[in-house]
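**Student:** Quick one, structure for this:
(2 chains)
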Amino acid sequence: MAHVSLVSREVGRTADGMELRLRSPWYRSLPLSSISIEVRVDGAAVASERMRFCVNEHDYRLDELAGLYDEFWFVLDPGRLRVRGVEPGQHEVEVRLCLRIPYLFDEETGEVLTIQSSRRQVVTVPQKAAVE
Amino acid sequence: MSGQPQLGITLYSLTAEYRSGKYTFEELVEKVGSTGVGPALEIVGFQSIRGFPAVSDEFALRFRRLVDAAGLRPSCLGANVDIARRRDRHMSDQEVVEYLSMQIGAAVKLGFPVLRIQFGARPSALRLLVPIAERAGVRLGMEIHAPHSVDHPTIVALRELYEEIDSPFLGFIPDFGASTRAIPAGALAHQRSLGTPEHIIDMIVRTWEAVHRGEADPFTARRRLMADVEAMHGGPEALAFAWRALTLWGHQAPERWAEIMPRVVHVHAKFFDIDETEDEPSVPYRALMRTFQESGYTGTMSSEWEGASWTDDPDGFTMVEAHQRMMRRYLAAE
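**Tutor:** Numbering: from 1, shown residues only, chains lettered A, B, ... in the order given. Next comes the predicted model:
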């Protein structure tokens, strides 16, 4: 169990969908403004309005993250990604996480390094709601 | 021991063990003590401390007791200069000063004499920070990390500023990754295993070699290489490797660290691998140790292992033990 996976094996069920647990692939905590997330379920892109990202006991809309430069995703904490409109049962889930690394930039152009991690796996959303 | 650099570790070397939950932060510090890879202990604030740059009184007390009990001494706190944490613009000098003032405060609270800072802190911001660092009694160490080198214009501007202000609270932290002789074989093998096509790996290696021969500026080469890999649809893994190749493995002659030695406040003794002869195949440690010893450097040096991400079952403790044996061997030989 040396390296931590972007998406954990266990998937939770919410009232109207599923909850994935994500771990940051970076070595240190980063501001939430660094994060962007895309998800596909069974090959279809999930609209960002159908998702919420929960860290530090707050539930954020994905379009809120860009403005949160004072709030950090602690490197050991799973971020809980809630996706609405997913039925119980087996699904192929693909998560793509982009991290904009705020201290690594090109001095001349100002361009900031962005790294992309992705993970595709089959998950089983349980019948019974385990969360909420 | 006077007359010799003081060896130690940065917990960065143990990132895999920490992230996987194999060890907690407290257990890592204890094990650093019991395995004898200290006594100098460096941590990265944003890695080890929840809520950083804020540090609670409770955490600070716990940390000081932990370090004492383990027989360690805080060497350097790794700050980050998150210049681009806002999406709309980079931080202003005043914002950098505020961001780093909090991290200087964290260093004071935790007992770190040195704060590692990064090139996002421009000379104009450093002018404002010096009195704050002096009052706090914390030395600011600008990390010189590849592709920077002692003669890069950004570092030259800092050297001039340092001469002008001439404060013991303004210094440098050489990162030995700025002085390498090759891209580590393990990193290349791992990249192949991720499926990066051979022609792209080839292009990255050839670009690195051109920079190494002095035929191209590393920053310009990195920009061009990233654009080329993107144009070839190399994918995110290849793009990340292109960045890393030109950012982790620098080209500065090891002897040139002597030019800034009076201002060196700490060292990142970066390494990537230790081979069966107990040497670092990619980093000229013999020359590095000779340079630091001949210049009379007696400050702290953190073993910083950067190879975990391409190692199957990383064991940072074992790597750092071997790395320190190698450093001691070269130091004793001088």
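**Student:** got the phi/psi numbers for the residue located most distally from the centre of chain A?
**Tutor:** Largest separation from the mean C-alpha position in chain A: A:E108, at 31.3 Å (Cα atoms, centre = their mean). For A:E108, the backbone dihedrals (degrees, to the nearest 10) come out as phi -80, psi -40.
**Student:** residues near the residue lying closest to it once chain neighbours are set aside, how many?
**Tutor:** Sequence neighbours aside, B:F219 is the residue nearest to A:E108 in space, at 6.6 Å (criterion: Cβ to Cβ, 6 or more residues apart in numbering or on different chains). Placement of C-beta: from N, CA and C, glycine included. Other residues within reach of B:F219, judged by other Cβ atoms under 10 Å in any protein chain shown, total 20.
**Student:** Next: the one 5 residues further on.
**Tutor:** Counted with other Cβ under 10 Å, residues neighbouring B:R224 total 14.
**Student:** which one is it nearest to, not counting chain neighbours?
**Tutor:** Counting by Cβ to Cβ, 6+ apart, B:R224 lies nearest to B:T207, which is 7.8 Å off, once chain neighbours are set aside.
**Student:** Any chance of the backbone angles for the spatially closest residue to B:V81 that is not a sequence neighbour?
**Tutor:** In space, and not counting its chain neighbours, B:V81 is closest to B:G120: 3.6 Å by Cβ to Cβ, 6+ apart. Main-chain torsions, B:G120, degrees, to the nearest 10: phi -60, psi -20.
**Student:** correct me, but B:G120 touches B:A79?
**Tutor:** No: counting by Cβ atoms under 8 Å, B:G120 stays clear of B:A79, with 10.4 Å between them.
**Student:** In terms of helices and strands, where is B:S149?
**Tutor:** Using DSSP states H and E, B:S149 falls within no helix or strand.
**Student:** how near is A:I115 to A:Y27?
**Tutor:** Using Cβ to Cβ, to the nearest Å, one obtains 12 Å as the distance from A:I115 to A:Y27.
**Student:** no, scratch that, I was asking about B:L41
**Tutor:** The value you get for B:L41 to A:Y27, if Cβ to Cβ is used, is 17 Å.
**Student:** Tell me which of the two has more neighbours.
**Tutor:** B:L41 (27 against 17).
**Student:** ok so that one is a strand residue?
**Tutor:** Yes: judged by DSSP: H, G, I helix; E, B strand; the rest coil, B:L41 forms part of a strand.
**Student:** For the closest residue to A:G12 other than its chain neighbours, give me its contacts.
**Tutor:** Using Cβ to Cβ, 6+ apart and skipping the chain neighbours, the partner closest in space to A:G12 is A:E19 (3.7 Å). With contact taken as Cβ atoms under 8 Å, 6 or more residues apart in numbering or on different chains, A:E19 is in contact with A:11-13, A:80-83, A:131.
**Student:** quick check, A:E19 in a helix?
**Tutor:** No: secondary structure of A:E19 (three-state DSSP): strand, not part of a helix.
**Student:** so how far is chain B from it?
**Tutor:** Going from A:E19 to chain B by Cβ to the nearest Cβ, to the nearest Å gives 20 Å.
**Student:** residues in chain B within reach of chain A, list them.
**Tutor:** B:12, B:15-16, B:18-22, B:44, B:46-47, B:50-52, B:80-87, B:90, B:118-120, B:154, B:219, B:222-223, B:236, B:239-240, B:243, B:247, B:311-314 (Cβ under 8 Å from any Cβ of the partner chain).
**Student:** Would you write out the PyMOL command that picks the buried residues out of those residues?
**Tutor:** To isolate the buried ones among those in PyMOL, judged by 16 or more other Cβ atoms under 10 Å in any protein chain shown, type:
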select buried, chain B and resi 12+15+16+18+19+44+46+47+50+52+80+81+82+83+84+85+86+87+90+118+119+120+219+222+223+239+240+243+247+311+314
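**Student:** Where helices are concerned, which of the residues of chain B next to chain A count?
**Tutor:** Of the positions in the residues of chain B next to chain A, B:15-16, B:18-19, B:46-47, B:154, B:219, B:222-223, B:236, B:239-240, B:243, B:247 sit in helices, assigned by DSSP state H.
**Student:** from these, which single one is nearest A:V55?
**Tutor:** When these are ranked by distance to A:V55 (Cβ to Cβ), B:F46 comes first, at 14.6 Å.
**Student:** my read: that closest one touches A:R28, true?
**Tutor:** Yes: contact criterion Cβ under 8 Å: B:F46 and A:R28 qualify, at 4.1 Å.
**Student:** Need the residues touching each of those two.
**Tutor:** Counting by Cβ under 8 Å, 6+ apart, the residues touching both B:F46 and A:R28 are A:75, B:80.
**Student:** what sits against B:K270?
**Tutor:** Taking Cβ under 8 Å, 6+ apart, we find B:K270 in contact with B:175-177, B:283, B:304, B:306.
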